[in-house]
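for reference, the sequence and a predicted model appear below.
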Amino acid sequence: MKGLYIVLFLFPSLECSTTRCRRSIKPLGMTLLYESLCPDSQEFLTSFWPVFRYYHNCINLTLVPYGKARFLATLRLANMKGLYIVLFLFPSLECSTTRCRRSIKPLGMTVLYESLCPDSQEFLTSFWPVFRYYHNCINLTLVPYGKARPARGGHVCQHGRPECWGNRMQNCALHSNLNQLKQMQFIACQMKDLQLVKKRNFKCAKSLNIIKSVRQCMKSNGQGNKLQADASRITSQYQFNEIPAIIYNGVLNEDLQEASRNNLRQTLCEIMVKTKHLLPDDCYTY
């Protein structure tokens, strides 16, 4: 069974004590089976909160933070009285590692980008939902530097000094304690609104509880300048004409670059079929 599971037990009478549910005797039984690091669980539960606040007196809620860890086999639905409905969300909302079970080593993917580049913005924001789906198949490296170049006292960036600040800040965040999924979540948050960089806004770092480490990294005695030097070195290994540059398994292929920018999901899926991370049919179950 795949995905986030919502189990609703609808008893014969759906009653609770407030005037909103005054005709009921027993509250609605509702059980949510979720995972603490599943983005789909996060999306559902945060949207469920205002609904539950309104109807909480009508609902007997049970939250089970366990998910796919062999829990459902022990759920004794036969012992529950009354009518019950079990909703299984579609596989596109799954948080399973089985999607790439055929792979031995994840596909290496490097994205060279700039924090104030509109093309980088377009690519990375569209990449976020694709990466959420395939993240267990990919070893992702994000490098915020692009067409910048080293200069005396620092770096010169294509979109000016604000971009140099943004590149350094995002590099600090990427080298905090975030896993790859959270790294991409942070970058998607940042790139959604380029004004965040222009206004030196730390909203995305704050939302992921890394603002303290990011600020420390960006101080004059922090690691920010070294990380930018490392980003410059990584970027200089590749010959590219456009940013973002998308590199698979250490090779920059112009045809794959163009295909990735035009239809990333399909291109990425076809690559992973060739590398035997996926079977051909997997490209049609997204």
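Arrived safely, thanks for sending.

which stretches of the chain have low pLDDT?
For the chain, the stretches with pLDDT under 70 are 1-25, 68-104, 284-286.

please, where are all the helices along it?
Taking DSSP state H to define them, one finds helices in the chain at 39-55, 118-134, 161-174, 180-192, 195-198, 203-207, 211-218, 224-235, 254-262, 264-274.

quick check: buried residues in the fifth one?
Okay, so that is helix 195-198. Residues of helix 195-198 classed as buried by neighbour count (16 or more other CB atoms under 10 Å): L196, V197, K198. The way it works is simple: take the backbone N, C-alpha and C, and place the C-beta from them, glycine included.

leaving out sequence neighbours, find the closest residue to the first one.
If I follow you right, that is L196. Leaving aside its chain neighbours, L196 sits nearest to Q190 (5.8 Å; criterion: CB to CB, 6 or more residues apart in numbering).

residues contacting the one you found?
Counting by CB atoms under 8 Å, 6 or more residues apart in numbering, Q190 touches S115, G166, Q170, L196, V197, C204.

what is the nearest of these to Q223?
Using CB to CB, the shortest approach to Q223 within those belongs to Q170, at 13.3 Å.

wait, that closest one sits on P144?
Yes. Counting by CB atoms under 8 Å, P144 is a contact partner of Q170 at 4.5 Å.

anything in contact with each of those two?
Taking CB under 8 Å, 6+ apart as the contact criterion, the common neighbours of Q170 and P144 are S115.

neighbour count winner among those two?
P144 (32 against 28; other CB atoms under 10 Å).

so the more buried one makes contact with N167?
Yes. At 4.2 Å, P144 counts as touching N167 under the criterion of CB under 8 Å.

overlap in contacts of the two?
Taking CB under 8 Å, 6+ apart as the contact criterion, the common neighbours of P144 and N167 are E114, S115, A231.

could you report the neighbour count for L181?
Using other CB under 10 Å as the criterion, L181 is surrounded by 17 other residues.

now it. Nearest residue, chain neighbours left out?
With CB to CB, 6+ apart as the criterion, L181 has its nearest non-adjacent residue at 5.2 Å, and that residue is H135.

OK, contacts around that neighbour?
Q180, L181, M184.

name the nearest of those residues relative to C58.
Of all those, C58 sits closest to L181, with 34.9 Å by CB to CB.

tell me the one among the contacts of Q190 nearest to P27.
If you rank the contacts of Q190 by distance to P27 using CB to CB, C204 comes first, at 38.5 Å.

how many other residues sit next to N241?
For N241, using other CB under 10 Å, the count is 8.

when you give positions from now on, start the count at 7
Sure, I'll start counting at 7 from here, so that last one is N247.

separation between it and Q263?
The spacing between N247 and Q263, counted by CB to CB, to the nearest Å, is 9 Å.

could you give the bridge partners of the closest residue to G256 other than its chain neighbours?
Of all residues not flanking G256 in the chain, G114 sits nearest, at 6.1 Å (CB to CB, 6+ apart). When bridges are assigned using DSSP bridges, the partners listed for G114 are N145.

wait, G114 sits on V257?
No. In this structure, G114 is not within contact of V257 by CB under 8 Å, at 9.2 Å.

settle it for me: which of these two has more neighbours?
In this comparison of G114 against V257, neighbours counted by other CB under 10 Å, the higher total goes to G114 at 15 against 10.

got a list of what that one touches?
Applying CB under 8 Å, 6+ apart, one finds that G114 lies in contact with I144, N145, T147, I253, Y254, N255, G256.

between these, which has the most around it?
I253 (23 neighbours).

roughly how far apart are that residue and K225?
31 Å.

for C64, same thing?
Relative to K225, C64 is positioned 52 Å away (CB to CB).
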